[in-house]
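Peer 1: What follows is a predicted structure for the sequence shown.
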Amino acid sequence: MSKSSNQKTKLLHLSRILLRHSDEDHPLTVAQLIEELARQDIKAERKSIYDDLEALRLFGLDIQCRKGKSPGWFVGERDFQLPEVKLLMDAVQSSRFITQKKSDVLIRKLEGLASTHQAGQLQRQVYVSGRIKVMNESIYYNVDKLHAAIAGQKAITFKYFDYDIARQKVLRQEGKRYMVSPYGLIWNSENYYLVAFDHSHQELRHYRVDKMTEIVITGLDREGMEQYSNFQLAEYGQKHFGMYSGPELTVTLRGRREKASLVWDRFGQDIIMVPDGDDHFTVTLPVVISPQFFGWLLGLDGSVVLTAPKEAVSAYRRRLAAALEQLS
């Protein structure tokens, strides 16, 4: 009897069946494997199945056999274990910068990393208070293109836009293209930002990736290398609260000792805290003076206060006075 055209792909189909339809709680018997292969118009005998299972095991697939009350064969360790797949799905569902449409596509692909039985455990929604997905569907491809420009150390051009009250795109600079040299991507305050050297202003700036459009990688080499040869992406992100722009100053903060972890969380473990009496500490560090920085201080309710320099303290007082005036 002639073999079907699918016979040559028998091992591939067998591995797919095991990956998709078996797990530790749902092993498949040899009879079930033969039946599943028959659905693909592939003939198999019991002895050949044992040989194929051994071949898949030698190839690296973790084929396990269970005997006893519920005997059968299943895939044990996978590239991604179920808790890891759940973690990835939670990250996708809760990420603001991934649109709802793209989230749905990615989740369906992630479900393929688990068995069909395990997929039921993945059908859950992660609720994040106030979560709003971005509207720009092209961000997924923008990120990929920006990574390519960064790796190739090439300048890019793009258009930048905002949304009006009718949710229509309004291009900045009357549609004129920006030209920048990308240095890195930061995920900050639930948004993706590109940190780049702006050719027009000759300084580092950042741009919301979901508000960038018509990105073109040029043949020009990246600029700003001499001025920012010691650029550190993590350090840039720590200084720019919520990615607001503003003057950079070295400030001194004084806080209660029990609030030290809040400062560690915000600025990282490399900063040096100096004891100030039995109950307080001081720390000196560079920050960008912005509404977000002042908002962070205000949220600490006096447990961490700004003490220097004078221009930063004065700016904070003006911000507080302006807020009080708006309430009156």
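Peer 2: All right, it came through fine.

Peer 1: how far away is Ile186 from Leu194?
Peer 2: To Leu194, Ile186 is 8 Å away according to CB to CB, to the nearest Å. In short, each C-beta sits where N, CA and C put it, glycine included.

Peer 1: These two - which one has more neighbours?
Peer 2: Leu194 (24 against 19; other CB atoms under 10 Å).

Peer 1: where along the stretch 151-300 of the chain do the strands fall?
Peer 2: Taking DSSP state E, counting those that start in this stretch as the criterion, the stretch 151-300 of the chain carries its strands at 154-163, 169-171, 178-188, 191-198, 203-208, 212-221, 248-256, 273-276, 280-288.

Peer 1: mind listing what's buried in the helix or strand encompassing Lys47?
Peer 2: In this structure, Lys47 sits in helix 46-59 according to DSSP states H and E. Using 16 or more other CB atoms under 10 Å as the test for burial, helix 46-59 gives 49, 52-53, 56.

Peer 1: wait, isn't Leu233 in contact with Pro182?
Peer 2: No - here Leu233 does not reach Pro182: they are 11.0 Å apart, not a contact under CB atoms under 8 Å.

Peer 1: Of those two, which one has the most company?
Peer 2: Each of Leu233 and Pro182 has its neighbours counted (other CB under 10 Å); Pro182 has more, 25 against 12.

Peer 1: give the contact list for the more buried one.
Peer 2: 146, 149-150, 155-156, 194-196, 222 (CB atoms under 8 Å, 6 or more residues apart in numbering).

Peer 1: before we move on, what about Leu37?
Peer 2: 10, 13-14, 17, 43-44 are the contacts of Leu37 under CB under 8 Å, 6+ apart.

Peer 1: Quick check: it is in a strand.
Peer 2: No - with DSSP: H, G, I helix; E, B strand; the rest coil as the criterion, Leu37 is helix rather than part of a strand.

Peer 1: so what's the residue positioned nearest the centre of the chain up against?
Peer 2: For the chain, the residue nearest the mean C-alpha position is Trp187 (6.7 Å; CA atoms, centre = their mean). For Trp187, the contact set (CB under 8 Å, 6+ apart) comprises 97, 193.

Peer 1: What's the local residue count around Tyr178?
Peer 2: 19.

Peer 1: hang on, isn't it packed against Phe197?
Peer 2: No - using CB under 8 Å, Tyr178 is not in contact with Phe197, being 11.4 Å away.

Peer 1: thinking again about what came up before, bridge partners for the residue nearest to the centre of the chain, pull those for me.
Peer 2: Beta-bridge pairing for Trp187 (DSSP bridges): Tyr192.
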